[in-house]
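Q: with the sequence up front, the predicted model follows.
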Amino acid sequence: MQFLSAPANLPFTVALAIVLLLGALEIIGLLIGGANAIGVDGPDLDSPALVADGDFDASEIFSQILNWLHVGQIPVTILAIVWLFNFGVVGLLLQNSIRSLSGSMLPMLLASAIAFFISLPATRITGGVLKKILPRDETEAVSSESFLGCEARITTGTARRGKPAEARLRDRFGRTHYVMVEPENDEEIFASGSPVLILKRSGDIFRVMDNQGAAIEE
């Protein structure tokens, strides 16, 4: 207990505590009938500050990182729980190993930075496994059937053919979803904030067309 409560381990113990809290909230949500109690709403990333001037588009890189972490393929909050768990466990294992070798632990910030970078590929691997084993009844049915013809708005990145960006939409039940989209036509480019219309699905990517003038519910 003294090891867990050490100041150098504070970020890791807090991360694991949040995992327990979110897990409890999810169980409660399921018990009261909230089929999508967590993992529906992602962060509102529709911000011009994410797009840099010139040829370098920071939001595109961020969008690719999200895609690499399987965001849009499994619920965002599930990924957050996985990352927090990996971060907490990696951090505690790291500090315990350093303490065993040297008799002291790494400074909190240094240990947190190391654990952060190690936990990202661990989260990608775990997310890939979860994508295969998680029930696909509701999420996949909504994605493949109900999303087609829906209005959406680009939230992160600039969508080009072959370079998908994240888009936000609401399904017929009023729930928010985040999906990866790219233009149906090669010449079209959709910047962050652009309204689009979902035409069809190609694997994990949805093909879209321009939907200027449409009133998309925020």
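A: Looks like it arrived, so ask away. Residues are numbered from 1 along each chain as shown.

Q: can you map out the strands along this protein?
A: Ranges of strands in the chain, per DSSP state E, are 151-156, 165-170, 176-183, 195-202, 205-210.

Q: break the chain into its domains for me.
A: Using automatic domain parsing, the domain parsing of the chain gives 7-40+75-133, 137-210.

Q: mind giving me JSON lines with the ones you listed and columns for mean pLDDT and mean neighbour count?
A: Any C-beta I mention is one placed from the backbone N, CA and C, and that applies to glycine too. Putting the domains of the chain into JSON lines (pLDDT from 0 to 100; neighbours: other C-beta atoms under 10 Å) gives the following:
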{"stretch": "domain 7-40+75-133", "mean pLDDT": "81", "mean neighbour count": "16"}
{"stretch": "domain 137-210", "mean pLDDT": "82", "mean neighbour count": "18"}
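
Q: closest to Met1 out of those domains?
A: Met1 sits nearest to domain 7-40+75-133 of all these, at 10.3 Å, using C-beta to C-beta.

Q: mind checking the end-to-end distance for that closest one?
A: End-to-end distance for domain 7-40+75-133: 37 Å, by C-alpha to C-alpha, to the nearest Å.

Q: would JSON lines of the domains of the chain with distance to Met1 be doable?
A: Shown next, in JSON lines, are the domains of the chain (distance: least, C-beta to C-beta, whole Å):
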{"stretch": "domain 7-40+75-133", "distance to Met1": "10"}
{"stretch": "domain 137-210", "distance to Met1": "39"}
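
Q: distance to Trp83 for the strands of the chain - can I get that in a markdown table?
A: Formatted as a markdown table, the strands of the chain follow (distance: least, C-beta to C-beta, whole Å):
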| stretch | distance to Trp83 |
| --- | --- |
| strand 151-156 | 18 |
| strand 165-170 | 17 |
| strand 176-183 | 16 |
| strand 195-202 | 27 |
| strand 205-210 | 23 |
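
Q: of all the ones you listed, which lies closest to Leu92?
A: strand 176-183 (31.0 Å).

Q: adjacent strands (with direction) for the closest one?
A: Sheet pairing of strand 176-183 (DSSP bridges) gives strand 165-170 (antiparallel), strand 205-210 (parallel).

Q: quick check: angle from it to strand 151-156?
A: Computed by axes from the mean of the first three to the mean of the last three C-alpha atoms, to 10 degrees, the angle separating strand 176-183 from strand 151-156 equals 80 degrees.

Q: quick check: angle from strand 176-183 to strand 195-202?
A: Counting by the same axes, to 10 degrees, strand 176-183 lies at 80 degrees to strand 195-202.

Q: can I get strand 176-183 as PDB, trimmed to CA atoms?
A: Only the C-alpha atoms of strand 176-183 are listed here, as PDB (Å, rounded to 0.1, in the frame of the first residue of the first chain):
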ATOM      1  CA  THR A 176     -23.600  10.600 -31.500                       C
ATOM      2  CA  HIS A 177     -21.100   8.500 -33.400                       C
ATOM      3  CA  TYR A 178     -17.600   9.300 -34.700                       C
ATOM      4  CA  VAL A 179     -16.600   7.600 -38.000                       C
ATOM      5  CA  MET A 180     -13.700   7.900 -40.500                       C
ATOM      6  CA  VAL A 181     -14.700   9.300 -43.800                       C
ATOM      7  CA  GLU A 182     -13.100  10.100 -47.200                       C
ATOM      8  CA  PRO A 183     -14.500  11.800 -50.300                       C
END
